[in-house]
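Participant: no sequence on this one, just coordinates:
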């Protein structure tokens, strides 16, 4: 089990504001219980809770609903990274004979395939789920509500089909993949397919007299990849920490970054929200928050992270609808409160024990192109070259690391994906850095 780092704490004024937001939301939203966890740099920094039915606790399970989709998406990207599929594969390549087989896996992940929102039959979230063969048998061409990639159209059905793809490719059940490939490596021991005590019962609150009606806790069958999972605040914080800064043994950091690139914008009027590869994207001011909301009968949930600062919020309420508004909106409000009020934790600089290898050391220092100056430094902890533009723009440094062939390849910013070629003279000494045909030399007067 991977231990969750101890609580790092927030400033007292910040925690008071968060506690007040949560208390107000629970009261006006009439949630039997509400809990919000704030994480910073991988660890829970504060937990705010309100309500008594049950009294919220970080180890109490709630249903996470569609946050399950983020796990389904990570599993699919793992398979892509291992060479078993391509995101532009048509669905028919993995589920032969399906009448919606022309849609692409990437479109399904980003809710841009044009599929209807729900499968056939009764409301799947509140009914005993059908098996995979029944789900596939219910597909017809009429399930395409829009031509693929014409518009964003959220589809739970899409994630049922992605779960089917995972099972066909691996020969293993979706839940087994979640357990062995995600939960076990991340130490998420209180995350389960069905509720495991202690768990919060889920309710619908009567709109006129405030009584509670307990909702069924269904096994959603083949639709489980869209919303089945149960988790605690502590465990969901582990998953949020992973989405902020993934464990490379589980998913390559570059792949997680790829998941955060918009597939479709869901708010065409102001471009404040979109959807990547299994992740919701929300722009709040100058920041982009990554995560997902969730709801199942009797439950709402939220997860949102600001990846640059490794700060996030997770939360649950055990009432369907959450009368005062959206729990994800509350989560983003809490997240903004933390980021606006708290300094980003600064990691101390430590000297290195030895200089870089000579072939790296000779690349460091000042270089010029067309009178513009850059400075190349070496980052020993990541074995990267950091190339900073010495200009008033103060842009973030370009990062270059060695790929599988030993070449320096850009990993950020303008030169992401570009190859840095070191030009050498007949003696083997480095004389220029060629980045996408822009040639930097040691001489500020040279223009080649």
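Facilitator: Perfect, I can see it now. All values reported here derive from a predicted model rather than from experimental measurement. Numbering: from 1, shown residues only.

Participant: So what touches the longest helix anywhere in the chain?
Facilitator: The residue-count maximum for a helix in the chain (DSSP state H) belongs to helix 12-29. For helix 12-29, the external contacting residues (CB atoms under 8 Å, 6 or more residues apart in numbering) are 10, 31, 33-36, 38, 46, 48-51, 317, 319, 322-325, 327, 330, 333-334, 337-338, 341-342. Heads up, the C-betas are built off the backbone N, CA and C, glycines and all.

Participant: same thing but at 6 Å, please
Facilitator: Applying CB atoms under 6 Å, 6 or more residues apart in numbering, the contact partners of helix 12-29 are 34, 36, 46, 48, 50-51, 322-324, 330, 334, 337, 341-342.

Participant: Which positions in it come out as buried?
Facilitator: 14, 15, 17, 18, 19, 21, 22, 25, 26, 29 (16 or more other CB atoms under 10 Å).

Participant: Confidence-wise, which of these comes last?
Facilitator: Looking at the buried residues of helix 12-29 by pLDDT, the weakest one is residue 29, with 91.

Participant: So which elements touch the helix or strand residue 290 falls within?
Facilitator: According to DSSP states H and E, residue 290 maps onto strand 287-296. Packing contacts for strand 287-296, counted by 3 or more CB pairs under 6 Å, 6 or more residues apart in numbering; DSSP states H and E, involve strand 280-284, strand 299-306.

Participant: quick check, distance from it to the centre of its chain.
Facilitator: 8 Å (CA atoms, centre = their mean, to the nearest Å).

Participant: what angle sits between it and strand 280-284?
Facilitator: 130 degrees (axes from the mean of the first three to the mean of the last three CA atoms, to 10 degrees).

Participant: What strands line up against strand 287-296, and which way round?
Facilitator: strand 280-284 (antiparallel), strand 299-306 (antiparallel) (DSSP bridges).

Participant: Check the offset of the shortest one from the chain's centre.
Facilitator: Here the centre of mass of C-alpha atoms in strand 280-284, compared against the chain's by CA atoms, centre = their mean, lies 11 Å away.

Participant: for stretch 304-312, same thing?
Facilitator: 10 Å.

Participant: State the distance spanning the first to the last residue of stretch 144-153.
Facilitator: Taking CA to CA, to the nearest Å, the span from the opening residue of stretch 144-153 to its closing residue is 10 Å.

Participant: can you pull the buried residues of stretch 275-285?
Facilitator: Buried residues in stretch 275-285 (16+ other CB under 10 Å): 275, 276, 277, 278, 279, 280, 281, 282, 284.

Participant: quick one on the thing from earlier: take the strands paired with strand 287-296 and write them to TSV, including mean pLDDT and distance to residue 138.
Facilitator: What follows is the strands paired with strand 287-296, written out as TSV (pLDDT from 0 to 100; distance: least, CB to CB, whole Å):
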stretch	mean pLDDT	distance to residue 138
strand 280-284	97	27
strand 299-306	97	26
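
Participant: so which of those strands comes closest to residue 399?
Facilitator: strand 299-306 (19.6 Å; CB to CB).

Participant: residues in contact with the closest one?
Facilitator: By CB under 6 Å, 6+ apart, strand 299-306 touches 62-65, 67, 202, 240, 243-244, 287, 289-294, 312-318, 322, 327-328, 331-332, 335.

Participant: Point out where this structure drops to low pLDDT.
Facilitator: Where the chain drops to pLDDT under 70, the residues are 1-8, 121-124, 324-325, 393-394, 447-448.

Participant: list the contacts for the residue sitting nearest the centre point of the chain?
Facilitator: By CA atoms, centre = their mean, the chain has its centre lying nearest to residue 243, at 4.3 Å. Applying CB under 6 Å, 6+ apart to residue 243 gives the contacts residue 305.

Participant: 7 Å - rerun?
Facilitator: If you count contacts by CB atoms under 7 Å, 6 or more residues apart in numbering, residue 243 has them with 70, 256, 290, 291, 305.

Participant: Just list whatever residues bridge to the fourth one.
Facilitator: I take that to be residue 291. Beta-bridge partners of residue 291, as defined by DSSP bridges: residue 280, residue 304.

Participant: Could you list the buried residues of stretch 402-420?
Facilitator: Buried residues in stretch 402-420 (16+ other CB under 10 Å): 408, 409, 410, 411, 412, 415, 418, 420.

Participant: isn't residue 102 right next to residue 90, touching?
Facilitator: Yes - using CB atoms under 7 Å, residue 102 makes contact with residue 90 at a distance of 5.6 Å.

Participant: And these two? Which one has more around it.
Facilitator: Shown here are residue 102 and residue 90; by other CB atoms under 10 Å, residue 90 has more neighbours (17 against 14).

Participant: residues making contact with the helix or strand hosting residue 79?
Facilitator: Assigned by DSSP H and E, residue 79 falls within helix 68-81. Around helix 68-81, the neighbours that count as contacts under CB under 7 Å, 6+ apart are 85-87, 105, 109, 159, 162-163, 166, 169, 177-178, 181-182, 225-229, 243, 251-252, 255, 259, 277-279, 292.

Participant: how far is it from where the chain is centred?
Facilitator: On CA atoms, centre = their mean, the centre of helix 68-81 falls 10 Å from the chain's centre.

Participant: what does stretch 291-306 give?
Facilitator: The answer for stretch 291-306 is 13 Å, by CA atoms, centre = their mean.

Participant: now swap in stretch 81-100 and tell me
Facilitator: 23 Å.

Participant: quick one on the thing from earlier: skip ahead from the helix or strand hosting the residue nearest to the centre of the chain and say which helix or strand is next.
Facilitator: Assigned by DSSP H and E, residue 243 belongs to helix 233-244. Sequence-wise, the next helix or strand downstream of helix 233-244 (DSSP H and E) is helix 253-259.

Participant: What is that next one packed up against?
Facilitator: helix 68-81 (3 or more CB pairs under 7 Å, 6 or more residues apart in numbering; DSSP states H and E).

Participant: For ChimeraX, what selects the buried ones among the contacts of strand 299-306?
Facilitator: A single ChimeraX command is used to select the members of these judged buried by 16+ other CB under 10 Å:
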select :62,63,64,65,67,202,240,243,244,287,289,290,291,292,293,294,312,313,314,315,316,317,318,322,327,328,331,332,335
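
Participant: Okay then, goodbye and thanks.
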